[in-house]
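1. Any chance you can model this:
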Amino acid sequence: MRLRFLSLALLAVPLLPPSTLAAQQPVADQYRTVANRIIAAALADSSVAWNRLAAFVDYSGPRLSGSANLERGIDWMLAEMQKDGLANVRGEPVMVPHWVRGRESLTMTLPREADVPMLGLGGSIGTSAQGITAEVLVVSSFEELTKRAADAKGKMVLFDVPFTSYGETVRYRGAGAVAAARAGAVASLIRAVGPYGMRTPHTGGMGYDSTVARVPAAAIPMEDAMMFHRMQDRDQKVVVTLKMDAQMLPDAPSRNAIGELTGREKPREIVVLGGHIDSWDVGLGAMDDAGGVVVAWEAMKLLKRLGLTPRRTLRVVGWTNEENGGRGGAAYRDAHKDEVHALAIESDGGVFAPQGFGFSGSDSARAIIRQVGSLLERIGAGRIGASGGGADIGPIMSTGVPGMGLDVDGSKYFWFHHTQADTPDKLNPAEMQRCVAAFAVMAYIIADLPELLPRK
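-> Below is the predicted model:
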């Protein structure tokens, strides 16, 4: 009787097609073998991504929007993508802002004479040829400036604000010139936005308000800001001369650099991954963000070498003009608004030791992403954070596309961010290869799933 009952029970089980059986199997189990293969291949060569990064930035130099260096770098990248055999390699046109730094200097004349390292902030106006000579008023916050507004008139305001977090401290870079001008100051200086310095100023974007006068804005090293503050506390008068040739020119043509690995079954559905190809006009932009572009690019190159073609198309993008405009990300959204994007992945925090990804999407999609993340635990990159994305994929995420950002050990990122010191030696080749592995595993699996990530 038991055997007969068992036979009837087995006959009652529906015969499911292999694709349905696979869909019922956990994602991590389905892709464990291929994920391990990708990771092993990525780690087999500990320096391939770093070598490509160094070659790129050494050749192109700093790549501020509107510069010949940026277009030179884009040309190089497109040519190398062609050599790699990527499909549909092209530069998609974008008009970008064109700010030029020119010559600049800051000289202390009282209480003694000394040259002070400085960097004009991106978008700042310049000074006259004679420069601006003024007494410095040091404040520690916007609130202190408001209280001391009567003292600021005709002076150069210095915001000596220690770094707490980038989001908090960068407010003084963005809005310092407006606050200083509103108080009647003739220029704005900020303490470099970073937690550590070796008399290294940090540049970055700033803005103006049409309701107040525009005044020049620049950053100085933390050490010099602290010295000026000490002098003021001793009732010593600090006088400096600021000279800046900065100017904004008409918009210039640039491009988003694009290459693809065409999907085998659903080529019109896209997983896009990359970083921004532009940088500030100091350093080489290795961390910020050539490394992000190269890691995504090398991930696709690795998959192609392994013969792993997912169902959907993988598209690597070097977005232009992230630093002072964000026009590359917006142009990409507009040019590809009629395409189906399964996922957008960005790296823009340095390619240090990967810890995982931040993810923004539905709870049901997050459950799938966590399974993929579990396959990256062996390289320390399995964590899936509460939110993800970035400036370049923000525009397409606003249309409902799920987004991810690579999370890394960023403990030293802001030491070098937007400085002359952003060079390849700050990055570890082996850590970069782990980033390649994380990108390749995540992008391949999401592009290969039978169905799109659920939006709800």
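
2. In the stretch 51-200 of the chain, mark out all the strands, start to finish.
-> Using DSSP state E, counting those that start in this stretch, the strands of the stretch 51-200 of the chain run over 87-100, 104-110, 114-116, 119-120, 132-139, 156-159, 187-191.

3. Next: the stretch 351-456 of the chain.
-> So, for the stretch 351-456 of the chain - with DSSP E, counting those that start in this stretch - the strands run 354-360, 383-385, 403-408.

4. Any chance of JSON lines for those strands, columns mean pLDDT?
-> As requested, the strands of the stretch 351-456 of the chain are exported to JSON lines (pLDDT from 0 to 100):
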{"stretch": "strand 354-360", "mean pLDDT": "98"}
{"stretch": "strand 383-385", "mean pLDDT": "98"}
{"stretch": "strand 403-408", "mean pLDDT": "98"}
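
5. Show me the one of these that comes nearest Gly122.
-> Counting by CB to CB, Gly122 lies closest to strand 403-408 out of the strands of the stretch 351-456 of the chain; the figure is 22.8 Å. All C-beta atoms are positioned from the backbone trio N, CA, C, and that covers glycine.

6. Could you list the paired strands of the closest one along with their orientation?
-> Next to strand 403-408 in the sheet, as set by DSSP bridges, lie strand 340-346 (parallel), strand 354-360 (antiparallel).

7. Restricting to C-alpha, output it in PDB.
-> Output of strand 403-408 as PDB, limited to C-alpha atoms (Å, rounded to 0.1, in the frame of the first residue of the first chain):
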ATOM      1  CA  GLY A 403      20.200  52.000  -8.800                       C
ATOM      2  CA  MET A 404      23.400  50.800  -7.000                       C
ATOM      3  CA  GLY A 405      26.600  52.400  -5.900                       C
ATOM      4  CA  LEU A 406      29.800  50.500  -5.100                       C
ATOM      5  CA  ASP A 407      30.600  50.800  -1.300                       C
ATOM      6  CA  VAL A 408      34.300  50.800  -0.400                       C
END
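
8. what domains does the record give for the chain?
-> The domain map for the chain lists 23-99+250-448, 102-245, with the assignment taken from automatic domain parsing.

9. follow-up on the earlier one: any idea which of the strands of the stretch 51-200 of the chain gets closest to Val340?
-> Closest to Val340 of the strands of the stretch 51-200 of the chain is strand 87-100 (CB to CB; 16.3 Å).

10. Tell me the buried residues in stretch 252-265?
-> 252, 254-261, 263 (16 or more other CB atoms under 10 Å).

11. Stretch 419-433 now?
-> For stretch 419-433, by 16+ other CB under 10 Å, it's 419-424, 426-427, 429, 431-433.

12. same question, stretch 154-161
-> Those would be 155-161, for stretch 154-161 by 16+ other CB under 10 Å.

13. and those residues as TSV, adding distance to Phe357 and pLDDT?
-> Listed next are these as TSV, based on distance: CB to CB, whole Å; pLDDT from 0 to 100:
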residue	distance to Phe357	pLDDT
Lys155	47	98
Met156	43	98
Val157	40	99
Leu158	39	99
Phe159	34	99
Asp160	36	98
Val161	31	98
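
14. for these, which one is nearest Leu121?
-> Among the buried residues of stretch 154-161, Phe159 lies closest to Leu121 (CB to CB), at 11.7 Å.

15. which strand residues sit across from Met248 in the sheet?
-> Beta-bridge partners for Met248, by DSSP bridges, are Trp99.

16. can you check Gly403 too?
-> For Gly403, the beta-bridge partners are Ala344, Ser360 (DSSP bridges).

17. For it, give its distance to Ile369.
-> Using CB to CB, to the nearest Å, Gly403 is found at 11 Å from Ile369.

18. mind checking which of the strands of the stretch 351-456 of the chain is nearest Leu343?
-> With CB to CB, the closest approach to Leu343 among the strands of the stretch 351-456 of the chain belongs to strand 403-408: 6.6 Å.

19. Can you list the neighbours in contact with that closest one?
-> Contacts of strand 403-408 with the rest of the structure, by CB atoms under 8 Å, 6 or more residues apart in numbering, involve 292, 295, 343-361, 369, 383, 385, 388-390, 393-394, 396-397, 431, 435, 438-439, 442.

20. Identify the residue nearest the geometric centre of this structure.
-> Asp348 (2.4 Å; CA atoms, centre = their mean).

21. Isn't that one up against Met287?
-> No: look at Asp348 against Met287 with CB atoms under 8 Å: they stay out of range, at 9.5 Å.

22. The residue nearest to the centre of the chain belongs to a helix, doesn't it?
-> No: counting by DSSP: H, G, I helix; E, B strand; the rest coil, Asp348 falls outside a helix, being coil.

23. ok, now how distant is it from Ile445?
-> Remark: distance between Asp348 and Ile445 (CB to CB) = 22 Å.

24. Kindly report the same for Ser411.
-> Going from Ser411 to Ile445 by CB to CB gives 29 Å.

25. Who has more neighbours out of those two?
-> Using other CB atoms under 10 Å, the more surrounded residue of Ser411 and Ile445 is Ile445, with 23 against 11.

26. Touching, the more buried one and Tyr31? I think so.
-> Yes: using CB under 8 Å, Ile445 makes contact with Tyr31 at a distance of 5.0 Å.

27. Could you name every residue contacting both of these two?
-> If you check Ile445 and Tyr31 against CB under 8 Å, 6+ apart, the residues they both contact are 372, 375.

28. how much space is there between the nearest residue to Ser347 once chain neighbours are set aside and Gly356?
-> Leaving aside its sequence neighbours, Ser347 sits nearest to Gly292 (CB to CB, 6 or more residues apart in numbering; 3.4 Å). Here Gly292 is placed at a distance of 16 Å from Gly356 (CB to CB).

29. Show me which of these two is the more surrounded one.
-> Using other CB under 10 Å as the criterion, Gly292 and Gly356 rank with Gly292 on top: 33 against 24.

30. ok, that one - contacts?
-> 274-276, 346-349, 351, 406.

31. Please tell me the pLDDT value assigned to Ser60.
-> Reported pLDDT at Ser60 in the predicted model: 98.

32. In this structure it contacts Leu70, no?
-> Yes: here Ser60 reaches Leu70: they are 7.4 Å apart, a contact under CB under 8 Å.
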